[in-house]
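Student: Just need the structure, nothing else, for what follows:
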Amino acid sequence: MALSVILKDEVASFNARRSLLAVLLVIGATWGMSLFLPEDPADLGAFSLIPAFFLIIYIFITRRILEALTLASLMGFMLASKGSDDSLLSIFSETLLDVMMSEDIAWLFIVCGLMGSIITLIERAGGAVAFGNWVAKTAKTKRGTLMWTWVLGLILFVDDYLNSLTLGSCMAPVTDKFKVSREYLSYVVSSTAAPVCVLVPITTWSIFCSRLLESNGWAPEGEGLLYFIKTIPYNYYGWTATFLVPLVVMGVVPLFGPMRKAERRVAEGGPLAPPGSEKIDIRGGVRMIIPENPRILNFIIPMVILIGATIYFDLDMQIGVLVTVGYMFIAYLAQNLMSAEDFSDITLQGIKNMILPLMLMVLAFLFAEVNAVIGFTAYVIDSASQLMTPALMPLIIFLVLAVTEFITGTNWGMYIIALPIVIPLSMQVGGSTTLAVSAVLSAGVLGSHVCFYSDCTILTSPATGCNNFNHAFTQMPLGLLAGVFAAIGFLIAGFVVG
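Tutor: Residues are numbered from 1 along each chain as shown. As a prediction, the model looks like this:
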């Protein structure tokens, strides 16, 4: 019997006892192996790859991402706790608390939670229905609707979270009318999120990266944004991923692999969303009472305020969502669309709909944290640096860090670790630092784009109503196709520019 059939049967006929036994065996083997490893986590070397390999294999076998991240993190802490005076559970608990109390996680809970509220409020006010009706009149074909999704994604360039959550949730009802699989919609939405953010100098990504370029000594103080702009022409993955979408939608590049199967499922009368998607759908599977005459302004004005406030307050999206919720409270009550009590209930419902995605992000951050402790990223970069020449350096950096980001799932976290290593390395090797930095930025987007538990995947999935595994699995071949073109770009640029 083929391995794929065995794995499919295992997923379909899940046996709790067999699963528990397998988990205990893996954890036991990890504990036994840790007894013979160096006490200093920095000296683990190739053994730091073990949790990453386990994570990827476990996800493909079980398709249970929440469980996979928990177990892989536990394995990593087993390796990290060897030389510590604290117990494994103490280290695990303390690190989890540190992650939960970090500024990044607090920001995510505020911003993503309230984005869930904004989307739910817009739906209840009828703004989403009115917007969908307008798009349906403008784009009267399946391709037209998907092209509209792509164009609107380019317009919502300020932040990838804003893009994924807003665009996905508002376009899903529209594309449903044209029998577009949720996997296909997820791909279009995701491809206009992070890939676009690294190509525009006025985004949360550009500001963050600019500061890193200054702090790591490549850009002079106050000139980080100018140096970020230098990387834009060479951010080959951002360009290829963004402009591959219209080629796919128009049929120039035909659908293939699992995405083609997803579209065939819908065409043959199957469900729009793959099994299990209802658990993560931001709409919560609840049909709301919509006003008789929904107004598109109840969608457009909150979006304009959200984008405008975010830009006005130095690209601070937290202030942007707070201002938007405040406006919606005044506007929706003034229109008698809902009472103050209804507004509170709907706001809380929107936050509840984001709980599962937020928990996935917490576990992804936890896994990234333990990978940093055991030196996973540093080991991979150090190993790859031995193969570098000035001409091959951009290609090697792109490929190695794309794999690293695919495993760790935190693009900005990877930038924090990789740029302090790559910038001086490029100077030491004698290659182009601009190309090297561009390769790092491109790698972060590629890895995030196809990762099962990256923030990009986790937030696109609930917005479009497509479970994480199927979204990432169907998108992966198209993401890798864009990655191939990007790799060719870095290879050529390495010899021409570097």
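Student: what's the following helix or strand after the helix-or-strand element of the chain with minimal mean pLDDT?
Tutor: Least confident element among the helices and strands of the chain, by mean pLDDT, DSSP states H and E: helix 3-12 (a mean of 48). Note on helix 3-12: by DSSP states H and E, the next helix or strand toward the C-terminus is helix 16-34.
Student: Mind listing what's buried along the helix ranked longest in the chain?
Tutor: With secondary structure taken from DSSP state H, the chain has its longest helix at helix 468-496. Residues 468-476, 478-479, 481-483, 486-487, 489-491, 493-494 are the ones in helix 468-496 that count as buried (16 or more other C-beta atoms under 10 Å). C-beta: built from backbone N, CA, C; applies to glycine.
Student: Next, residue 453: phi, psi?
Tutor: phi -130, psi 20 (degrees, to the nearest 10).
Student: ok, how many other residues are close to it?
Tutor: Residue 453 has 27 neighbouring residues, counting by other C-beta atoms under 10 Å.
Student: Which elements pack onto the longest helix of the chain?
Tutor: Other helices and strands packing on helix 468-496, by 3 or more C-beta pairs under 8 Å, 6 or more residues apart in numbering; DSSP states H and E, are helix 182-190, helix 236-249, helix 257-267, helix 393-408, helix 433-450, helix 455-464.
Student: ok, residue 411 - contacts?
Tutor: By C-beta atoms under 8 Å, 6 or more residues apart in numbering, the residues touching residue 411 are 194, 405, 444, 445, 447, 448, 454, 455, 456.
Student: any idea how far residue 173 is from the nearest residue to the fifth one once chain neighbours are set aside?
Tutor: Excluding its sequence neighbours, the residue lying closest to residue 447 (C-beta to C-beta, 6 or more residues apart in numbering) is residue 405, at 2.5 Å. In this view, residue 405 and residue 173 are 32 Å apart by C-beta to C-beta, to the nearest Å.
Student: same question, residue 433
Tutor: From residue 433 to residue 173 the distance is 46 Å (C-beta to C-beta).
Student: now swap in residue 495 and tell me
Tutor: For residue 495, the distance to residue 173 - C-beta to C-beta - is 49 Å.
Student: Then residue 92?
Tutor: 42 Å.
Student: now residue 102
Tutor: 35 Å.
Student: who has more neighbours, the two?
Tutor: residue 173 (18 against 14).
Student: Surely that one and residue 129 touch.
Tutor: Yes. Assessed by C-beta atoms under 8 Å, residue 173 is found in contact with residue 129 at 7.4 Å.
Student: spatially speaking, which residue is in the middle of the chain?
Tutor: residue 456 (1.6 Å; C-alpha atoms, centre = their mean).
Student: Can you tell me the closest non-neighbouring residue to that residue?
Tutor: That would be residue 448: by C-beta to C-beta, 6+ apart, it lies 4.7 Å from residue 456.
Student: residue contacts, that neighbour?
Tutor: By C-beta under 8 Å, 6+ apart, the neighbours of residue 448 are 194, 405, 409, 411, 454, 455, 456, 457.
Student: Can I get those in CSV including pLDDT?
Tutor: Listed next are the contacts of residue 448 as CSV, based on pLDDT from 0 to 100:
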residue, pLDDT
194, 86
405, 85
409, 77
411, 73
454, 84
455, 82
456, 83
457, 86
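Student: Looking at those, spot the one nearest residue 311.
Tutor: In terms of C-beta to C-beta, no member of the contacts of residue 448 lies closer to residue 311 than residue 194, at 18.4 Å.
Student: What distance do you get for residue 208 to residue 101?
Tutor: For residue 208, the distance to residue 101 - C-beta to C-beta - is 21 Å.
Student: who's more crowded, those two?
Tutor: Neighbour comparison, residue 208 and residue 101: the larger count goes to residue 208, with 18 against 9 (by other C-beta under 10 Å).
Student: Before we move on, what's the pLDDT of that one?
Tutor: With respect to pLDDT, residue 208 scores 83.
Student: is it true that it touches residue 413?
Tutor: No. Residue 208 is not in contact with residue 413 according to C-beta under 8 Å; the separation is 11.1 Å.
Student: Leaving out sequence neighbours, find the closest residue to residue 228.
Tutor: residue 210 is the one closest to residue 228 (C-beta to C-beta, 6+ apart), at 4.7 Å.
Student: so where does that neighbour fall, helix or strand?
Tutor: helix 204-215.
Student: what's that helix packed up against?
Tutor: Counting by 3+ C-beta pairs under 8 Å, 6+ apart, helix 204-215 packs on helix 194-197, helix 224-231, helix 411-429.
Student: contacts for the second one?
Tutor: Where contact means C-beta under 8 Å, 6+ apart, the residues beyond helix 224-231 that reach it are 201, 206-207, 209-214, 218-219, 434, 437-438, 441.
Student: gap between residue 466 and residue 363?
Tutor: 19 Å.
Student: Would you check how far apart the residue lying closest to residue 209 once chain neighbours are set aside and residue 203 are?
Tutor: Nearest non-adjacent residue to residue 209, counting by C-beta to C-beta, 6+ apart: residue 228, 5.3 Å away. From residue 228 over to residue 203 the distance is 10 Å, taken as C-beta to C-beta.
Student: So between those two, which is more surrounded?
Tutor: Neighbour count, other C-beta under 10 Å: between residue 228 and residue 203, residue 228 has more, with 27 against 24.
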